[in-house]
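**Student:** Based on what follows, work out the 3D shape:
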Amino acid sequence: MTNHTIERRSREQIVADAVAHERARAMQIIDICNAAGRPERADQYIMSGAEPNEVRLALMDGKGDSPDPTNQKYMAEYAEQRDTYMRIGVTEEQYIASRRVTDGLDSIHGEPLT
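**Tutor:** All right, here's what the predicted structure looks like:
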């Protein structure tokens, strides 16, 4: 065997491992979105490169099993203009964060105001 053959197999294994990792990440995200009752958001999270724990935190409220009711109003607003926001590169999460600041629920740094 030559070094070239060893390098090629190593690259092939690296690619195979990366593909397996990506498939597992995508399936975890789909499962999390389904459990949260938001299956329509799975593609967005997968394409953004989000990790499953980030998705879980973004979707779950303090009870850990449903979307934060405070944000449902903002989700509906975003959905009404989804194409426009997507065209200018604004994600639903960014929109919600911005609206929460505008409505005085969070500071500019994402911290709750009390």
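
**Student:** Could you find the residue nearest the spatial middle of the protein?
**Tutor:** Ranked by distance to the mean C-alpha position of the chain (C-alpha atoms, centre = their mean), the top residue is Y45 at 3.1 Å.

**Student:** Could you measure from R56 over to E40?
**Tutor:** Per C-beta to C-beta, to the nearest Å, R56 is found 17 Å from E40. Every residue, glycine included, has its C-beta placed from N, CA and C.

**Student:** Name the residue in the two with the higher neighbour count.
**Tutor:** Summary of the neighbour comparison: R56 and E40, criterion other C-beta atoms under 10 Å, with R56 having more neighbours (17 against 9).

**Student:** contacting residues for the residue lying closest to the more buried one once chain neighbours are set aside?
**Tutor:** Closest residue to R56 in three dimensions, ignoring its sequence neighbours and counting by C-beta to C-beta, 6 or more residues apart in numbering: I32, at 5.3 Å. By C-beta atoms under 8 Å, 6 or more residues apart in numbering, the contact list for I32 reads P52, V55, R56, L59.

**Student:** so what's the second one up against?
**Tutor:** If I follow you right, that is V55. I29, I32, C33, Y45.

**Student:** List the buried residues in the helix with the most length in the chain.
**Tutor:** Criterion DSSP state H: the longest helix present in the chain is helix 3-35. By neighbour count, and taking 16 or more other C-beta atoms under 10 Å as the criterion, the buried residues in helix 3-35 are R25, A26, Q28, I29, I30, I32, C33.
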